[in-house]
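**Student:** Any chance you can model this:
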Amino acid sequence: MDIDDLKDLLSKVQKGKVSLEEALRHLKDLPYKDIGFARVDSHRALRCGFPEVIFCQGKTPQQVVAIARQIIKGKGDLLATRSDKKIYQAVLKEFPEARYHESARAITIKRSSRRPRKGLILVVTAGTSDIPVAEEARVAAELMGNRVEALYDVGVAGIHRLLGHRGLLTQARVIVVVAGMEGALAGVVAGLVDCPVVAVPTSVGYGASFFGIAPLLTMLNTCAAGVSVVNIDNGFGAGYVASLINQGTSNKK
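**Tutor:** Residues are numbered from 1 along each chain as shown. Just a heads-up that it's a prediction; the model follows:
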């Protein structure tokens with residue numbers, strides 16, 4: 001149940017179209033539903049604007065389906081990250097409308113009818129090896145109701161590839177920059193634009209990148225203003241933050 005569903009339910013109670021007993025049956029699972037091995041946060045959409053997201057890594061297909069069942073019951077969109085095809089097949093069996101985004105390793109089910117926000121979220125990668133994390137960000141931001149475009153493989157080793165897209169960079173309200181190795185791209189992009197940059201360090205790189213620690217420190221230490229940094233390989237977190245920023249600015253330009 002999201003905020004619009006709650007308003008609709010309360011309006012029907014006020015008009016006498018729904019009894020108090022029936023309304024209580026709808027609300028009884030707030031703020032969470034205990035399904036034994038998990039407590040599904042059925043109140044998340046009311047608090048945060050988007051339902052609970054399933055992190056599939058470490059869960060069985062049966063556990064993912066059981067959690068998905070509760071989220072879908074609340075009429076919310078479904079996003080399951082770090083999934084594989086085995087989990088997807090289990091979800092698809094119960095929800096034929098489920099879609100698997102192979103590069104992003106994500107499952108989505110679109111139930112809401114929200115119109116995309118006007119602002120553009122641009123997802124940029126330094127290299128092609130960063131694309132899976134970037135796709136996770138893109139899928140998350142799109143499902144949350146944003147217009148998203150991608151600009152991949154424009155890292156600092158060939159900076160002319162980035163500079164050739166200055167027009168697209170200046171159109172964005174938020175830019176998600178995904179980079180491994182030394183992670184310099186986020187600071188470079190932030191020095192070219194007047195919008196927030198969400199930086200995502202990835203675990204891509206040779207030994208001295210320390211599985212993402214090196215780009216994480218580069219992004220945290222950038223001298224360019226306007227850069228915020230999420231955790232290593234956290235494409236979902238970057239897409240979520242970008243969506244919140246775009247939501248907050250969508251009526252300001």
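**Student:** Would you mind confirming that residue 156 is in contact with residue 183?
**Tutor:** No - if you go by C-beta atoms under 8 Å, residue 156 and residue 183 don't touch, sitting 9.6 Å apart. Any C-beta I mention is one placed from the backbone N, CA and C, and that applies to glycine too.
**Student:** Same drill for these two, tell me which one is more crowded.
**Tutor:** Shown here are residue 156 and residue 183; by other C-beta atoms under 10 Å, residue 183 has more neighbours (32 against 17).
**Student:** can I assume the more buried one sits in a strand?
**Tutor:** No - assessed with DSSP: H, G, I helix; E, B strand; the rest coil, residue 183 is coil; it does not lie in a strand.
**Student:** That one and residue 164, how far apart?
**Tutor:** From residue 183 across to residue 164, the span is 21 Å (C-beta to C-beta, to the nearest Å).
**Student:** show me what contacts residue 155?
**Tutor:** Counting by C-beta atoms under 8 Å, 6 or more residues apart in numbering, residue 155 touches 125-127, 161-162, 179, 181, 185.
**Student:** out of the residues you listed, which is most surrounded?
**Tutor:** Compared across the contacts of residue 155, residue 179 has the highest neighbour count, 31 neighbours, by other C-beta under 10 Å.
**Student:** Now do the phi/psi pair for that residue.
**Tutor:** The phi/psi pair for residue 179 (degrees, to the nearest 10) reads phi -150, psi 140.
**Student:** in the sheet, who's paired with it?
**Tutor:** residue 201 (DSSP bridges).
**Student:** quick one: it and residue 131 touch, right?
**Tutor:** No - contact criterion C-beta under 8 Å: residue 179 and residue 131 do not qualify, at 11.5 Å.
**Student:** I'd say residue 124 and residue 176 touch.
**Tutor:** Yes - contact criterion C-beta under 8 Å: residue 124 and residue 176 qualify, at 6.9 Å.
**Student:** does residue 224 sit in a helix, a strand or a coil?
**Tutor:** Secondary structure assignment for residue 224 (three-state DSSP): coil.
**Student:** Find the residue closest to it in space, skipping its chain neighbours.
**Tutor:** Distance criterion C-beta to C-beta, 6 or more residues apart in numbering; nearest residue to residue 224, sequence neighbours excluded, is residue 190 at 3.7 Å.
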